[in-house]
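# starting from these lines, generate the structure:
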Amino acid sequence: MGSLALGSFILAIVWVVKVILAYIAAKIMQIDLNGASKVLLIAVKCMMCFVHCFERFIKFLNKNAYIQIALNGSTFCTAAREAFFLILRNAGRFVTLGGIGHIFQFLGKWSITTAATFAGYVLITRSEDIKDEIHSPIFPTIVFVFVSYLISALVMSVYSMACDSIMHCFLADEELMAKDNRLPAHAPEPILNFMNREKDADNKSGGCCSC
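All right, here's what the predicted structure looks like:
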């Protein structure tokens, strides 16, 4: 629980900095109506951009650090360091699987949303008990879209976490077995073949880091 709290606290600090910078930018625009402080405003907005990028990095690192905590039971700082260098050592495979995962998440979200919305629309327009109670199916259908998209986003976030967890488990198994010059002992053959192909492609391209 302490590790979860620490990760959330770091993210909360970043959010506070974002709010402060947004407040400063709003005050500058409110006070400086003639545009005399345009340079200062640009500087503040650049800082907001940097903080936003840092926030995305912290979210990504937190997610992978929590996976390492679940795998190894280490503290948050140790897990974050291990996750960072694990990703750095296997950057090519993480990028490839991350791209594939984003595609499946996008397709999954809109497939679930479309199917649930269509099912809801058919229900309220074909059911004898419901269709006489509503004047128009437009507003309920809009509600179906928002609710089903929210649910699909939650479902696919679990899918995303599961994919990342499988990736971490495979790499942990691979690095442990590599000490004895053996292949990963617990990976299913399809995953093993796919990951080996990605590793070979990464090695041919020069990789990212061998640390």
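# can you find the helix or strand in the protein with the smallest mean pLDDT?
Within the chain, no helix or strand scores below helix 189-204, which has a mean of 70 by mean pLDDT, DSSP states H and E.
# max-length helix in the protein?
helix 138-178 (DSSP state H).
# for that one, packing partners?
Applying 3 or more Cβ pairs under 8 Å, 6 or more residues apart in numbering; DSSP states H and E, one finds that helix 138-178 contacts helix 38-72, helix 76-89, helix 91-126, helix 189-204. In short, each C-beta sits where N, CA and C put it, glycine included.
# distance from the chain centre to that helix, please.
Distance of helix 138-178 from the chain centroid (Cα atoms, centre = their mean, to the nearest Å) equals 9 Å.
# tell me the angle of it relative to helix 91-126?
150 degrees (axes from the mean of the first three to the mean of the last three Cα atoms, to 10 degrees).
# average pLDDT for helix 138-178?
The average pLDDT for helix 138-178 rounds to 87.
# again with stretch 124-133
In this model, stretch 124-133 carries a mean pLDDT of 76.
# check stretch 6-22 too.
89.
# where does the residue nearest the centre of the chain land on pLDDT?
What sits nearest the mean C-alpha location of the chain, by Cα atoms, centre = their mean, is Phe60, with 6.3 Å. Confidence at Phe60, expressed as pLDDT, is 88.
# gap between it and Ile166?
17 Å (Cβ to Cβ, to the nearest Å).
# can you check Phe144 too?
Distance from Phe144 to Ile166, by Cβ to Cβ: 32 Å.
# what's near enough to touch the closest residue to Ala79 other than its chain neighbours?
Nearest non-adjacent residue to Ala79, counting by Cβ to Cβ, 6 or more residues apart in numbering: Gln68, 3.8 Å away. Applying Cβ atoms under 8 Å, 6 or more residues apart in numbering, we find Gln68 in contact with Ser74, Ala79, Ala80, Glu82, Ala83, Leu86, His168.
# CSV for the residues you listed, including neighbour count?
CSV is the format used below for the contacts of Gln68 (neighbours: other Cβ atoms under 10 Å):
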residue, neighbour count
Ser74, 17
Ala79, 24
Ala80, 23
Glu82, 20
Ala83, 24
Leu86, 19
His168, 21
